[in-house]
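Asks: Structure, please.
(chains A and B)
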Amino acid sequence: MRIIVCAKHVVDSTEIRWDDEHDEVVLRNLPTKISDYDRNALEAAVVLKESEPSVDLDVVMIGGEAALKTLKEAVAMGADRGHLVEGGWDDPFDPLRSARVLAKAIDQLEEPDLVMCGLVSEDGYNGVTGAALAQLLDVPYLAPVVGLKVDEGSLEAVLDVGSALRTVKVAMPCVVAVDSAMNVPRLPTVLQVMKVKGDRVAKMSLDSLSLSADAAELAHAGELVGSESGAVERRRVLIEEAPDEAAARLVEYLRQEGVL
Amino acid sequence: MAGRFVVSSASVTDLQRMAELARRLAGADGRVDAVALAGDAGVLAPEDGTLADTAGGLAGLADTLLVYEGAGEYLRGDMWAAALVDAIGQDGECVLVADAPAAREAVARTAVSCRASVASMCEDLQRAEGGGFVARRSIYGGVADGLIALVSTPAVCLFAAGKFEGAPSGESVPVEQRTLGAPAYEVTHVGDEPVVRTVDLAGASVVVSVGRGFVKREDLDLVDPLVSALGAELGCSRPIAEDFKWLPKERLVGLTGESVTAELYLALGISGQVQHLTGVKGARVVAAVNNDAKAPITRNADYVVVGDLYKVVPELVNALRSRS
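Replies: Now for the predicted structure:
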């Protein structure tokens, strides 16, 4: 069985700040990583591979040169090889572009039975890319997946649809988006990442996918054109006394606010 | 400018909200078509009203309620998308869908099929100068509010779920029946295991939330007396629900969990990442106990006790009990 996991190279979302002075989101010089939710997808794929060693597992990632390190980390979790699509910045506000590039990349590879991704990305939170990819590949889409079982060409998945845990069965190929509740992703060691040699990661140019940088498929379908601080102004009263006095003071403040 | 808008939702109140916004953008000459889906067992979307309720609820807001029969056993994203694509037809300018399970698949498939532009997590939508639309949404987990330009037509917008404050007026909208074709994909429904939700964080008037300041799972017992003294609902930050899995995900406050509307939100041992603060924006008063005066929560709370929560929490219980 062939599995392809689409993992996203993102800026660490916990490091992103709003710069009041320049009125902008600061993204420069921040650490980058595998989007958290895609690590859940990778973990689920690696678990399938561990139970069935004949599983062949590829990772596909969009990005520039800086994404190579992230891709190696993804492969080190237990994949056979990684493919870096040199498509520049994987814009969080243009999930259709991501899906179109991923679909073209997957077309170039040996046909997968199962394509997996995280439910959302850590930077865009759109929840659109996986389903758009399913539409482009013309296959079923299952989400949010919290349980997976493969059985001779068909896939049984448990979906968390809020009011119920729903079990469904589809014939593969299909695309599944994994919920973070499904598992706890393993962290590859530095040694494991170092062991991912160049021959296990390949680059694909947009040209090789018949996509030039100005191809119609890559035209922005959604583009960030402005931003302002998202913070809510609060009173910011600090209470720095001994625990009993601090507790009494906080209760006093809350009583004055009329919330007790 | 006149245009034709399509709105759809899994709940009546969101459908009304989408229709009201679409009505405003469509203008006097424009048109708003609401989409409902019906299956073997009855109405699937909106799932919380009969067709008559929905048609009445859309009075003055939409022009027509398009009811798509043959949607199957439960609300499926691919079937929903098929209905939306049909409703958009050749002249649909914009589609507004409220977030719900299956809504994202519906939106994504629709956007690809119609070569549309798409935006998720929308909070507001306006026409852009020179054509197209601009959606307002929270970006980077709540660090900022962003404006997303939707250039190609139709524009497909997925809205965060919310409430409808207005009121319908006038006659029920006419209902037009349509039928969906067979599903494009065969999905076998093996069965459902109902999940009983016992927690209502979004509606609670007091929420006490726990974070990584708690060292061990057993230590969470410390907050029980505080939760009962305040009559609060217990919430938590992402590591507690998603990484350590000490509490179920229904208690998660933040971007990937619930958004609170509480009078009082008390954050215990929560550093205050933006992804968490996004879920706290709707709280009237935010208080916190944290041992680090430099943690982001101190800039995003009204009252912050700087100290050891293991010592402060029992004292808070004492202080609350002694004043009552």
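Asks: Could you measure from B:W246 over to chain A?
Replies: Note on B:W246: its distance to chain A, by Cβ to the nearest Cβ, to the nearest Å, is 13 Å. For the C-beta atoms, the positions are set from N, CA and C on the backbone; glycine is no exception.
Asks: Surely that residue touches B:I240?
Replies: Yes. Applying Cβ atoms under 8 Å, one finds B:W246 in contact with B:I240, separated by 5.1 Å.
Asks: Just give the number of residues close to the residue in the stretch 201-324 of chain B that chain A sits nearest to.
Replies: Proximity of the stretch 201-324 of chain B to chain A (Cβ to the nearest Cβ) peaks at B:E315, 3.6 Å away. Per other Cβ atoms under 10 Å in any protein chain shown, the neighbour tally for B:E315 reads 21.
Asks: my guess is it contacts A:I239, does it?
Replies: No. Between B:E315 and A:I239 there is no contact, the gap being 11.7 Å when judged by Cβ under 8 Å.
Asks: list residues touching both of the two?
Replies: Common neighbours of B:E315 and A:I239 (criterion: Cβ atoms under 8 Å, 6 or more residues apart in numbering or on different chains): A:A246.
Asks: what about B:W246 and B:I240, which has more around it?
Replies: A side-by-side neighbour count of B:W246 and B:I240, using other Cβ under 10 Å, places B:I240 first with 24 against 17.
Asks: okay but the more buried one is in contact with B:G211, surely?
Replies: Yes. Between B:I240 and B:G211 there is a contact under Cβ under 8 Å: 6.4 Å.
Asks: I'd like the distance between A:R28 and B:S11.
Replies: Distance from A:R28 to B:S11, counting by Cβ to Cβ, to the nearest Å: 41 Å.
Asks: Spell out the residue ranges of the helices in chain B.
Replies: Secondary structure of chain B (DSSP state H): helices at B:12-26, B:51-57, B:77-88, B:103-113, B:224-230, B:238, B:274-277, B:309-323.
Asks: Between A:R28 and B:S11, which has more neighbouring residues?
Replies: More crowded of A:R28 and B:S11, by other Cβ under 10 Å: B:S11, with 19 against 7.
Asks: Would you mind finding the most buried of the helices of chain B?
Replies: helix B:103-113 (a mean of 28; mean count of other Cβ atoms under 10 Å in any protein chain shown).
Asks: Contacts only, for the residue of the stretch 201-324 of chain B closest to chain A.
Replies: By Cβ under 8 Å, 6+ apart, the contact set of B:E315 is A:P243, A:D244, A:A246, A:A247, A:A248.
Asks: Make sure the last one is indeed in a helix.
Replies: Yes. The assignment for A:A248 by DSSP: H, G, I helix; E, B strand; the rest coil puts it in a helix.
Asks: Skipping its backbone neighbours, what lies nearest it in space?
Replies: B:A319 (4.8 Å; Cβ to Cβ, 6 or more residues apart in numbering or on different chains).
Asks: cool, and the fourth one?
Replies: By the measure of Cβ to Cβ, 6+ apart, the closest residue to A:A247 outside its immediate chain neighbours is B:E315, 3.6 Å from it.
Asks: where in the chain is pLDDT low?
Replies: No chain in the question, so chain A it is. A:213 (pLDDT under 70).
Asks: was after chain B, sorry
Replies: B:1-2, B:323-324.
Asks: try 50
Replies: Scanning chain B for pLDDT under 50 picks out no residues.
Asks: between the longest strand along it and helix B:103-113, how big is the angle?
Replies: The longest strand of chain B (DSSP state E) is strand B:117-127. Strand B:117-127 and helix B:103-113 are oriented at 90 degrees to each other (axes from the mean of the first three to the mean of the last three Cα atoms, to 10 degrees).
Asks: Quickly check: strand B:117-127 near chain A or not.
Replies: Yes. Residues of strand B:117-127 are located near chain A by Cβ under 8 Å from any Cβ of the partner chain, namely B:S117, B:V118, B:A119, B:S120, B:M121.
Asks: Might you report the residue contacts of the spatially most central residue of chain B?
Replies: The structure's chain B has its C-alpha centroid closest to B:A161; by Cα atoms, centre = their mean the separation is 3.1 Å. Taking Cβ under 8 Å, 6+ apart, we find B:A161 in contact with B:S11, B:D14, B:A98, B:D99, B:A100.
Asks: Could you rerun that using 7 Å?
Replies: Contacts for B:A161 (Cβ atoms under 7 Å, 6 or more residues apart in numbering or on different chains) come out as B:D14, B:A98, B:D99, B:A100.
Asks: B:N318 too?
Replies: Each residue near B:N318 by Cβ under 7 Å, 6+ apart is listed here: A:A247.
Asks: and stretch A:207-219 with chain B, contact?
Replies: No. Stretch A:207-219 stays clear of chain B (Cβ under 7 Å from any Cβ of the partner chain), getting no nearer than 7.6 Å.
Asks: If we go by neighbour counts, what in that stretch is buried?
Replies: For stretch A:207-219, the neighbour count (16 or more other Cβ atoms under 10 Å in any protein chain shown) marks A:L209, A:L211, A:E217, A:L218, A:A219 as buried.
Asks: Look up phi and psi at the closest residue to B:I270 other than its chain neighbours.
Replies: Nearest residue to B:I270 in three dimensions, chain neighbours excluded: B:G211, at 3.3 Å (Cβ to Cβ, 6+ apart). Backbone torsions for B:G211, taken as degrees, to the nearest 10, come to phi -130, psi -160.
Asks: Verify the stated contact: A:E73 with A:D38.
Replies: No. A:E73 lies out of contact with A:D38 (Cβ atoms under 7 Å); the separation is 11.1 Å.
Asks: With neighbour numbers in mind, choose between those two.
Replies: A direct count of neighbours by other Cβ under 10 Å for A:E73 and A:D38 places A:D38 higher, at 29 against 23.
Asks: Tell me who's in contact with that one.
Replies: By Cβ under 7 Å, 6+ apart, the contact set of A:D38 is A:A7, A:K8, A:C117, A:G118.
Asks: next one: A:L148
Replies: Going by Cβ under 7 Å, 6+ apart, A:L148 touches A:A44, A:L48, A:L155, A:A157, A:V176.
Asks: thinking again about what came up before, from the buried residues of stretch A:207-219, which is closest to chain B?
Replies: Closest approach to chain B among the buried residues of stretch A:207-219 (Cβ to the nearest Cβ): A:A219, at 7.6 Å.
Asks: Tell me the spacing between A:P53 and A:D80.
Replies: Between A:P53 and A:D80 the computed distance is 11 Å (Cβ to Cβ).
Asks: quick one: which of those two has more around it?
Replies: Ranked by neighbour count (other Cβ under 10 Å), A:P53 and A:D80 place A:D80 first, with 14 against 7.
Asks: in the stretch 101-250 of chain A, which spans are strands?
Replies: For the stretch 101-250 of chain A, the strands defined by DSSP state E, counting those that start in this stretch occupy A:114-118, A:141-151, A:154-160, A:164-171, A:174-178, A:201-205, A:223-229, A:237-239.
Asks: With that, I have no additional questions.
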